[in-house]
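1. Just need the structure, nothing else, for what follows:
(4 chains)
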Protein chains: 2
Amino acid sequence: MARVRMRDVAEHAGVSVRTVSNVVSGYEHVSPDTRAKVQRSLDELGYRMDYLARGLRSGRTGFIALAVPFLAEPYFAELAQAVIRAAGRRGITVLVESTAGDSGVERQIIEGGLTNVADGVLLSALTLPAGDVAAKKPDFPLVMLGEHSVGDQFPRVGIDNVAAARTAVEHLLEQGCRWIVALGRNGSENGRQRTEGYEQAMSAARVRRVNWLVVPVEDWTRDQGYAAVRELLEGDGPLPDAIFAFNDALAVGALRALDASGVRVPEDVAVVGIDAIQESAYTHPPLTSIAPDLDAIAERALALLEEQIQSRGASEEAAPDGEAQVGAVVAAPQEPTPYRLVVRESSRREAPRE
Amino acid sequence: MARVRMRDVAEHAGVSVRTVSNVVSGYEHVSPDTRAKVQRSLDELGYRMDYLARGLRSGRTGFIALAVPFLAEPYFAELAQAVIRAAGRRGITVLVESTAGDSGVERQIIEGGLTNVADGVLLSALTLPAGDVAAKKPDFPLVMLGEHSVGDQFPRVGIDNVAAARTAVEHLLEQGCRWIVALGRNGSENGRQRTEGYEQAMSAARVRRVNWLVVPVEDWTRDQGYAAVRELLEGDGPLPDAIFAFNDALAVGALRALDASGVRVPEDVAVVGIDAIQESAYTHPPLTSIAPDLDAIAERALALLEEQIQSRGASEEAAPDGEAQVGAVVAAPQEPTPYRLVVRESSRREAPRE
DNA sequence: TCCAGGTCTTGCATCGATGCAAATGATCAC
DNA sequence: GTGATCATTTGCATCGATGCAAGACCTGGA
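-> Residues are numbered from 1 along each chain as shown, chains lettered A, B, ... in the order given. The predicted structure is shown next:
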């Protein structure tokens, strides 16, 4: 059974190929009779659109690419799920790429490796050096997820990392914690911002500098969190009051390390994370975290991307060989998406210690 | 900057379009001179292949689709990651679909909704009724992941669910457990098989029937595991010895419920899961689980799929309007992929109780 | 009766690449 | 010198759909 093409349907129904196309695409000026007749042939032969051919001719494929560093990291998996769901509502199919934190792949994407397969790209960059994005000036629709895009050349969707970190730390301070360790500083922009939020909150609360501590890690993974806290516990000094982990994976690792050493949470050390991944409701004890609104992120990212996709179509008409004007269209800076503080046991203290 | 096409490169290099194509695709009979010249133009103009056009003409896109029920479920996320990695090694790009456990979407995929965008499909079906797959006889390359494909019409890759369940239960028996609850029976084929493995092990160990218990759930999620165990604990009877959860998500929920009720693991109740998701190494206590070899699954699934893809190309030549012969090509039943038992604290008993 | 203005339908060119087979040119054996 | 062989390069048709614009047909008003 070879493929059924529009031509086959057209012959079967006794109309032209173009008319079949009109029926399929829902063109309005088709007589009810013709439409019914064609529809019958369509069903009978089991016609299915060849998306490649349509994409080639029309310049739109109905696909977008989503690039995340590690799909196996819960946060990205949940983000991907949200994007896929939101895209489904818009009739868009998502092509998921895993860049594996390799800036080579990320760069390739920036340079348009997926253009004309995907109408646009959602990029959750991890390692990409700031300069690269700026330098490349991609000429296709692109929206950054999570990270501040340096120089704000492209729209970016995500929470305010500084504010989110500040909220988390303020919560710990409200619980009476005074000696709070920030866990997770690394080379990323995101890490820098969350560190800044931590410092703002500590500073505003007039916590003495000797009680500030920023612990570096390589990746934001459970095992790095575990290893870092393990090391912290092996020192002979007194324990901190609380740990603010830059994401939940680190927090999960921290909880495990504390548990293994018999440190009580939250009585001895309170813990807070960011992301509110599903797992965080099931840790021991359940983890307090900052919950970004993933659906809102996905929705807005797609809206922005579609905006770019449409304006691109238009601008290419207007200026066949002009400069890349994509960025300009969406010059308006985006407000950060909302987040919530989800308070669970890991940070709840009956009566502040101090 | 409009797109650079082969034609542009050809003009720039002073050769024919076909020669450019030959250089790009690595055709061997191209003189070094020409190749170098074309390559220079390619680089200079920044040529990038239009995959749609190539796919349309050649019938191969270099994409495969991976359909999983919930991408946000760690097991599927990790599976997807493994598939993406393995595909990357073969120069294949993966299109991830989330069927959301909706058999409508699954059926659509079976019926070929993605054909000629994807060269083949890897389907991890969840809800799809047995009959559907059998009835539809898809005429495109398809490999099932995880589930036994009913009637074995298509190749299927995955562990032996019965044996894996048996291994898990045998481990509990070896630890001295006698009253083991199986948690997770539901409508799925997978659930049936794991129940069977449980029964085989219990039966072989001559455990009294009164100590058998299979607890049903709707989905294999943390909250279902939590709710089911919660209910179990609220009964006034004595506690079971152990819980065998059909997957790690259920086990995580179970652990949380036990923890919340002050039941000690493994002293009071031992717990074992299946999947060995990354999270399972960080639970309280760390969870014993069955670890399928995801890389092996991904590798083999891709190998089988490529085999089908190639043989399809061939068979279409041979029999332009013949029946779907895809299934026949891979008639040889597949051996299950390997798995390991990963023993952690949740099931380790110093001295058996009984 | 004729034309304007609308609906409905169609043919042809085209998107950017590759399959096919033939043309060109070089090399070699006889 | 001549035909055969092989490497190299090319032109043309084609994959399956849509953009475009014109053609066919119908209606109602002058």
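2. only C-alpha atoms for contact and neighbour calcs from this point on.
-> Will do.
3. which residue ranges form the helices in the stretch 51-200 of chain A?
-> With helices called from DSSP state H, counting those that start in this stretch, the stretch 51-200 of chain A shows them at A:51-58, A:74-89, A:103-110, A:130-136, A:161-174, A:189-204.
4. Out of those, name the one with the poorest average pLDDT.
-> Out of these, helix A:130-136 stands lowest, with a mean of 54 (criterion: mean pLDDT).
5. Which of the helices of the stretch 51-200 of chain A sits closest to DNA strand D?
-> Nearest of the helices of the stretch 51-200 of chain A to DNA strand D, taken as Cα to the nearest atom of the strand: helix A:51-58 at 4.1 Å.
6. Next one: that closest one, is it in contact with DNA strand D?
-> Yes - judged by Cα under 7 Å from any atom of the strand, helix A:51-58 and DNA strand D are in contact via A:51, A:53, A:54, A:56, A:57, A:58.
7. how about the nearest residue to residue A:336, chain neighbours excluded?
-> residue A:159 (4.8 Å; Cα to Cα, 6 or more residues apart in numbering or on different chains).
8. Let me see the contact set for that neighbour.
-> For residue A:159, the contact set (Cα atoms under 8 Å, 6 or more residues apart in numbering or on different chains) comprises A:146, A:292, A:336, A:337, A:338, A:339.
9. isn't there a strand covering residue A:340?
-> Yes - residue state for residue A:340 (DSSP: H, G, I helix; E, B strand; the rest coil) corresponds to a strand.
10. beta partners for it?
-> Listed beta-bridge partners, residue A:340: residue A:291 (assigned using DSSP bridges).
11. Tell me which residues touch it, please.
-> Under the criterion of Cα under 8 Å, 6+ apart, the neighbours of residue A:340 are A:290, A:291, A:292, A:293.
12. hmm, back to that, the residue nearest to residue A:336 and residue A:245, how far apart?
-> As judged by Cα to Cα, to the nearest Å, residue A:159 and residue A:245 stand 16 Å apart.
13. would you list the contacts of residue A:159 in a markdown table and tack on distance to residue A:84, neighbour count and pLDDT?
-> Output for the contacts of residue A:159, formatted as a markdown table (distance: Cα to Cα, whole Å; neighbours: other Cα atoms under 10 Å in any protein chain shown; pLDDT from 0 to 100):
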| residue | distance to residue A:84 | neighbour count | pLDDT |
| --- | --- | --- | --- |
| A:146 | 17 | 20 | 84 |
| A:292 | 17 | 21 | 97 |
| A:336 | 21 | 15 | 90 |
| A:337 | 18 | 17 | 94 |
| A:338 | 20 | 15 | 96 |
| A:339 | 20 | 18 | 97 |
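14. Around DNA strand D, which positions in the stretch 1-150 of chain A sit nearby?
-> Counting by Cα under 7 Å from any atom of the strand, the stretch 1-150 of chain A sits next to DNA strand D at A:3-7, A:17-18, A:21-22, A:24-25, A:48-51, A:53-54, A:56-58.
15. Filter these down to the ones in strands?
-> Using DSSP state E, no member of these sits in strands.
16. Mind checking which of those residues are buried?
-> Taking 16 or more other Cα atoms under 10 Å in any protein chain shown as the criterion, what is buried in these is A:3, A:5-6, A:17, A:21-22, A:24, A:48-51, A:53, A:56.
17. Could you tell me which of those are located in helices?
-> A:6, A:17, A:21, A:22, A:24, A:51, A:53, A:56 (DSSP state H).
18. ok, the spatially most central residue of chain A - contacts?
-> Chain A has residue A:145 as the residue nearest its centroid, 4.6 Å off, counting by Cα atoms, centre = their mean. Shown in contact with residue A:145 (Cα under 8 Å, 6+ apart): A:122, A:123, A:124, A:125, A:156, A:157, A:158, A:301.
19. How about the second one: which residues does it bridge to?
-> For residue A:123, the beta-bridge partners under DSSP bridges are residue A:67, residue A:144.
20. Stretch A:268-278 and chain B, any residue contact?
-> No - on the criterion Cα under 8 Å from any Cα of the partner chain, stretch A:268-278 is out of touch with chain B, staying 8.8 Å away.
21. what's the span of that stretch from first residue to last?
-> Length of stretch A:268-278, first residue to last, Cα to Cα: 25 Å.
22. count of neighbours near residue A:274?
-> 28 (other Cα atoms under 10 Å in any protein chain shown).
23. any idea how far it lies from chain B?
-> Remark: distance between residue A:274 and chain B (Cα to the nearest Cα, to the nearest Å) = 17 Å.
24. for residue A:169, same thing?
-> Distance, residue A:169 to chain B, using Cα to the nearest Cα: 24 Å.
25. Which positions in the stretch 1-150 of chain A make contact with DNA strand C?
-> So the stretch 1-150 of chain A meets DNA strand C at A:14-19, A:22, A:28-31, A:33-35, A:53, A:56-57 (Cα under 7 Å from any atom of the strand).
26. try 6 Å this time
-> Within the stretch 1-150 of chain A, the positions near DNA strand C by Cα under 6 Å from any atom of the strand are A:15, A:16, A:18, A:19, A:29, A:30, A:31, A:34, A:56, A:57.
27. Can you say which of these are buried?
-> With burial judged by 16+ other Cα under 10 Å, the buried subset of these is A:19, A:34, A:56.
28. which one among the residues you listed gets closest to residue A:347?
-> Using Cα to Cα, residue A:56 comes nearest to residue A:347 of those, at 54.9 Å.
29. What residues does the closest one make contact with?
-> By Cα under 8 Å, 6+ apart, the contact list for residue A:56 reads B:52, B:53.
30. cutoff 6 Å now
-> The contact partners of residue A:56, taken as Cα atoms under 6 Å, 6 or more residues apart in numbering or on different chains, are residue B:52.
31. do residue A:345 as well
-> A:285, A:286.
32. Distance check, it against residue B:261.
-> 15 Å.
33. Then residue A:119?
-> In terms of Cα to Cα, residue A:119 sits 52 Å off from residue B:261.
34. Show me which of the two is the more surrounded one.
-> residue A:119 (24 against 12).
35. Hmm, residue A:66 and that one touching each other?
-> No - counting by Cα atoms under 6 Å, residue A:66 is not a contact partner of residue A:119; they are 11.2 Å apart.
36. Kindly report the domain assignment for chain A.
-> A:6-49, A:58-158+A:294-324, A:161-293+A:340-347 (automatic domain parsing).
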